[in-house]
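>>> pasting the structure only:
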């Protein structure tokens with residue numbers, strides 16, 4: 001996943017029981033079909049070339065059972081690790097906070113939720129009968145990916161939608177070697193985790 005045409009669009013399917021979504025670039029070209037395996041003790045996500053699931057591009061797998069601070073490893077179709085993402089446990093209680101590591105396990109990028117109040121307001125509104133159905137239109141969290149020196153790289157935002165099913169990634173700065181692939185895979189996993197949290 002390099003030299004992609006931004007913005008990227010992630011759209012969750014609502015017609016299936018599994019937690020899966022389609023990733024496309026600005027031209028509508030498939031980047032992948034992302035499917036989270038159901039009923040697994042250890043989280044595992046597979047990224048296929050398309051919805052036929054005929055060719056596997058990546059696997060994202062947790063290092064332990066469902067856990068507050070699990071690390072998720074990105075492996076390509078050849079079985080080579082290309083990076084990983086880890087949730088910063090207690091730091092993520094108020095605002096989502098993740099770290100992306102390169103293939104040498106060196107800290108590479110940081111993902112932070114822009115405004116923790118959006119998540120709180122969304123969770124509160126969803127509990128109100130009838131009105132809760134509108135929360136997907138009113139509260140849309142955004143996440144910033146930056147380098148350790150503070151340079152902003154991309155921004156992911158949930159788009160207004162009835163079931164909270166659409167996300168857009170906009171590029172802010174040019175990528176360094178390997179960043180593009182790690183960011184896209186990291187945000188794919190992060191979205192699945194954050195949707196589970198609410």
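Alright, I've got the coordinates. Every value quoted in this text rests on a predicted model; they were computed, and no experiment measured them.

>>> for the protein, which helix is longest?
helix 179-197 (DSSP state H).

>>> would you check that residue 100 makes contact with residue 106?
No: between residue 100 and residue 106 there is no contact under Cβ atoms under 8 Å: 10.3 Å. Quick note: C-beta positions are derived from backbone N, CA and C, even for glycine.

>>> looking at these two, which is more packed in?
residue 100 (24 against 8; other Cβ atoms under 10 Å).

>>> would you point out the helix or strand in the protein whose mean pLDDT is lowest?
helix 135-138 (a mean of 56; mean pLDDT, DSSP states H and E).

>>> re the thing from before, so which bits of the longest helix of the chain are buried?
Within helix 179-197, the residues that count as buried by 16 or more other Cβ atoms under 10 Å are 179-195.

>>> for the protein, give me the ranges with low pLDDT.
Low-confidence regions of the chain, defined by pLDDT under 70, span residues 15-17, 41, 65-68, 89-94, 116-139, 161-164, 196-198.

>>> how close does residue 29 sit to residue 44?
According to Cβ to Cβ, to the nearest Å, residue 29 and residue 44 sit 26 Å apart.

>>> which one's more surrounded, those two?
The residue with more neighbours, out of residue 29 and residue 44, is residue 44; 15 against 10, by other Cβ under 10 Å.

>>> that one against residue 62, yeah?
Yes: contact status for residue 44 versus residue 62: in contact at 7.2 Å, counting by Cβ under 8 Å.
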